[in-house]
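Enquirer: Only the shape, not the letters, is given here:
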């Protein structure tokens with residue numbers, strides 16, 4: 001498509017020009033616009049890959065370079081155009097256009113020609129042009145590719161004065177493209193180009209006319225006649241002049257141009273005329289000439305009429321033959337239907353005969369397969385079920401009957417009289433045997449139960465705290481497991497009745513043995529004296545001392561330290577157990593019995609374990625089995641939650657704190673049985689746990705009430721409150737029950753109880769310290785500091801040694817309260833020996849806070865140098881020493897009741913630091929406000945340190 005053709009011989013080029021580059025185009029997307037006129041230089045029809053790949057070696061149109069790959073391609077047109085204005089070239093562009101269904105063209109992409117960076121020749125028809133990215137196109141022929149790329153490169157060099165990078169081009173082609181003398185065929189682009197060509201033709205015609213006269217004179221001199229050049233339209237028989245020189249070739253070219261000029265004159269066309277109109281007239285003339293030539297050829301040959309007549313005769317014969325063939329086809333089709341019908345009837349008779357033979361054979365086989373000998377049937381009713389061999393014989397016969405009854409007959413076969421009678425007979429025998437097996441199992445269950453109940457050797461003994469298992473029953477019943485499965489599948493209703501019989505017979509045995517065992521365990525419980533419980537339970541301590549008043553003198557019994565906590569003693573000896581340990585032993589004994597019984601029921605009655613089935617695989621049958629199993633277990637052990645709760649009440653009768661260890665044991669066994677799918681055990685223990693949690697809540701509320709009802713006398717509000725002394729042992733006692741229970745839910749419950757009790761204790765300590773009913777004075781405030789210091793110090797030191805993480809926030813609160821009251825107490829006590837001195841310097845500090853300059857303080861009457869000297873003179877070293885001795889005796893009096901005197905030294909050290917800090921403050925104020933007065937305190941820092949050292953040595 002890229003060959004340079006005359007416009008009259010390339011209609012596709014004319015369509016491109018008319019659609020995109022016509023002068024009258026008003027389409028706003030047309031390339032022709034006010035900025036200049038755009039003319040087509042050359043074009044090329046190409047195929048473009050639409051598969052998304054641009055690499056010439058991976059995804060090429062028409063599968064080039066890649067075999068057995070399906071690549072979608074689309075047809076596009078590459079157009080090289082030039083935009084000129086007022087005869088000057090503005091820019092050269094490369095368009096990519098597509099052909100529309102209505103034979104018009106539209107431009108999809110446009111690039112400036114100077115954007116072309118690289119041109120690669122892939123093969124004979126494929127090339128890649130790299131602009132912003134590689135674009136791979138393919139032409140239909142190699143000639144189209146070579147002509148288009150040649151024209152593109154020449155245009156590129158002409159207008160950009162440079163050349164793109166060329167890859168895979170032959171040296172000969174490159175030399176031809178680079179050679180400026182390479183002749184090119186004239187290209188007629190559009191009307192503007194036609195005008196330029198016409199002007200060139202006129203110029204050459206003028207030159208040819210000038211040389212025609214010289215040619216005639218030359219021929220006359222040579223004795224030859226020269227034909228009239230102006231009669232070119234009738235010059236078809238003019239003899240050509242043959243010369244072998246370059247002048248003769250030039251003359252022939254000039255004669256051809258003269259003939260063209262005369263032809264153009266015949267069409268009244270001038271250089272300024274419309275080239276499109278001339279082209280149209282030439283095409284019309286050519287079409288008319290071709291039509292006339294064909295008509296003349298047909299008219300000139302007489303044989304044409306004979307040929308046409310023979311063709312008509314041949315057509316008539318063919319029509320006749322077609323009619324005969326249609327008739328034969330209809331006859332053959334009719335005969336084929338008859339033959340097919342006959343064959344179908346024959347096959348049907350053969351199939352019917354074969355089916356009747358097969359039916360007779362199948363009936364004989366069915367009758368034989370479902371027929372059992374009479375002596376075999378009698379085994380079900382006469383064979384003994386007391387021996388293993390008899391049970392095996394019965395199972396074998398029962399399996400045969402089951403096989404017969406479950407034979408997969410279709411509905412029509414099942415309705416046959418012979419089959420139906422056989423199945424009804426065997427169903428009758430099956431039901432009779434189910435009744436026999438039911439009655440036999442009822443007697444076995446009743447006999448086993450009566451035997452165990454009447455066995456006096458099975459009761460619990462003092463030296464063997466356990467419940468004996470029912471292994472004898474398991475061994476006796478296990479041999480009937482196969483018949484139980486058979487009955488479940490053949491008569492589910494009777495199978496459920498046997499399950500109920502078993503549960504009813506076993507429930508009295510478990511009830512009797514469990515009650516006897518728990519009664520024996522009650523006699524083994526150790527009983528705690530109230531005095532021992534009062535050492536770690538708030539409510540017991542309150543009852544021991546009386547509810548009216550709990551004075552500090554009662555705390556003497558709490559100060560004694562024993563080598564072993566009282567809850568670790570077992571009263572009375574003889575193997576007595578604390579209630580929480582006895583309860584754990586109960587669970588250790590009873591729960592395995594429940595688990596074993598559930599496992600036996602599941603195994604003997606073939607109840608599929610619900611817990612063993614994955615959640616996504618559970619169906620309605622699984623849920624039904626699980627509900628039935630739960631129902632049996634609840635009937636068997638309906639008494640157990642109540643009995644265990646009664647044991648809890650009995651065990652906590654003298655020591656309610658035992659319930660904590662019981663709850664921990666319950667949660668431990670609940671967690672273990674939940675892992676193995678013992679749902680009933682978990683639910684049963686949960687009921688007992690809820691009962692225990694209720695008792696624990698009542699116990700905690702009693703402790704809170706006892707703390708809140710603590711009263712002290714207003715005359716002596718110092719010392720460690722009783723509940724503060726009890727709390728460390730209370731915590732220690734609970735933690736003793738919580739050993740190895742950190743991951744249980746009871747841990748969180750106990751932690752919340754700690755929080756409630758500690759908050760109540762702190763609130764009560766603050767309430768007692770403030771004592772809102774008494775008037776607030778210095779003495780009362782001092783007592784409040786003393787009381788808070790003692791209690792917070794005791795709480796912090798005792799709880800820190802026990803390392804209970806949940807109480808860390810309360811330890812920090814106690815430490816903060818202790819520090820605050822220690823500071824307040826030290827300041828209050830220091831004021832007694834340094835009262836006037838403190839008042840004087842505090843007054844100066846107040847004055848300085850009012851933005852008074854330090855040098856102005858000495859000009860105030862109450863703070864002048866004389867006043868300063870007077871105050872300082874009242875506190876000589878001797879008086880300071882005497883005051884500190886009195887102060888130590890007073891502090892010692894405040895904390896002499898505090899056990900061990902541990903807090904006294906800490907408080908005195910805080911007072912020492914406060915005195916030293918005040919001395920440094922006084923010295924700083926004197927230096928700041930009285931810089932040149934040469935006034936100092938009458939006791940130095942070394943004097944103070946000496947006084948405190950002397951006091952420490954004397955005490």
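Expert: Nice, thanks for sending it over. Being a predicted model, the structure only gives us computed values, none of them experimental.
Enquirer: And the next helix or strand past the lowest-mean-pLDDT helix or strand in the chain?
Expert: Using mean pLDDT, DSSP states H and E, helix 556-559 stands out as the lowest-scoring helix or strand of the chain, at a mean of 42. Next helix or strand after helix 556-559 toward the C-terminus (DSSP states H and E): helix 579-604.
Enquirer: could you point out which element follows that following helix?
Expert: Helix 579-604 is succeeded, C-terminally, by helix 620-636 (DSSP H and E).
Enquirer: quick one: buried residues of the helix or strand just after that next one?
Expert: Sequence-wise, the next helix or strand downstream of helix 620-636 (DSSP H and E) is helix 640-651. Across helix 640-651, burial judged by 16 or more other CB atoms under 10 Å covers 640, 641, 643, 644, 645, 647, 648, 650, 651. (Glycine included, C-beta is placed from N, CA and C.)
Enquirer: and of these, the nearest to residue 136?
Expert: Distance to residue 136 across the buried residues of helix 640-651 (CB to CB) is lowest for residue 641, with 85.1 Å.
Enquirer: what's around the closest residue to that closest one other than its chain neighbours, how many residues?
Expert: Nearest non-adjacent residue to residue 641, counting by CB to CB, 6 or more residues apart in numbering: residue 687, 4.3 Å away. The burial count assigned to residue 687 is 14, neighbours taken as other CB atoms under 10 Å.
Enquirer: how much space is there between residue 687 and residue 502?
Expert: 24 Å (CB to CB, to the nearest Å).
Enquirer: try residue 593
Expert: Distance of residue 593 to residue 502, computed by CB to CB: 16 Å.
Enquirer: picking up where we left off before, would you tell me which one of the buried residues of helix 640-651 comes nearest to residue 142?
Expert: Checking the buried residues of helix 640-651 one by one against residue 142 (CB to CB), the nearest turns out to be residue 641, at 99.5 Å.
Enquirer: more neighbours, residue 593 and residue 502?
Expert: Counted by other CB under 10 Å, residue 593 and residue 502 do not tie: residue 502 has more neighbours, with 23 against 20.
Enquirer: Please verify my assumption that the more buried one contacts residue 445.
Expert: Yes - using CB atoms under 8 Å, residue 502 makes contact with residue 445 at a distance of 5.5 Å.
Enquirer: Can you pull the residues that touch both of those two?
Expert: Here residue 502 and residue 445 share no contacting residue, scored by CB atoms under 8 Å, 6 or more residues apart in numbering.
Enquirer: Tell me the secondary structure of the spatially closest residue to residue 833 that is not a sequence neighbour, please.
Expert: Sequence neighbours aside, residue 883 is the residue nearest to residue 833 in space, at 2.9 Å (criterion: CB to CB, 6+ apart). Assigned by DSSP: H, G, I helix; E, B strand; the rest coil, the conformation of residue 883 is helix.
Enquirer: what's the answer for the one 10 residues further on, then?
Expert: Classification of residue 893 using three-state DSSP returns helix.
Enquirer: count of residues packed around it?
Expert: Using other CB under 10 Å, residue 893 has 9 neighbouring residues.
Enquirer: Ok, residue 278 next?
Expert: By the criterion of other CB under 10 Å, residue 278 has 17 neighbours.
Enquirer: Can you pull the domain assignment for this protein?
Expert: As assigned by the TED database, the chain contains the domains 9-20+35-50+70-174, 372-522, 709-808, 832-952.
Enquirer: helices and strands around the helix or strand that contains the residue nearest to residue 641, which ones?
Expert: Assigned by DSSP H and E, residue 687 belongs to helix 679-708. With contacts taken as 3 or more CB pairs under 8 Å, 6 or more residues apart in numbering; DSSP states H and E, helix 679-708 sits against helix 538-545, helix 579-604, helix 620-636, helix 640-651, helix 658-675, helix 722-737, helix 745-770.
Enquirer: hmm, 7 Å instead?
Expert: For helix 679-708, the packing partners by 3 or more CB pairs under 7 Å, 6 or more residues apart in numbering; DSSP states H and E come out as helix 538-545, helix 579-604, helix 620-636, helix 640-651, helix 658-675, helix 745-770.
Enquirer: will you turn the ones you listed into TSV that also has mean pLDDT and distance to residue 410?
Expert: What follows is those, written out as TSV (pLDDT from 0 to 100; distance: least, CB to CB, whole Å):
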stretch	mean pLDDT	distance to residue 410
helix 538-545	57	81
helix 579-604	91	37
helix 620-636	85	26
helix 640-651	92	53
helix 658-675	92	49
helix 745-770	87	60
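Enquirer: closest to residue 75 out of these?
Expert: helix 620-636 (65.9 Å).
Enquirer: how about the closest one: buried residues?
Expert: Applying a neighbour-count criterion of 16+ other CB under 10 Å, the buried positions in helix 620-636 are 622, 625, 626, 629, 632, 633, 636.
Enquirer: Please apply the same query to stretch 845-856.
Expert: 847, 848, 852.
Enquirer: Tell me the spacing between the last one and residue 722.
Expert: With distances taken as CB to CB, residue 852 is found 53 Å from residue 722.
Enquirer: cool, and the second one?
Expert: Plainly put, residue 848 is 48 Å away from residue 722 if you go by CB to CB.
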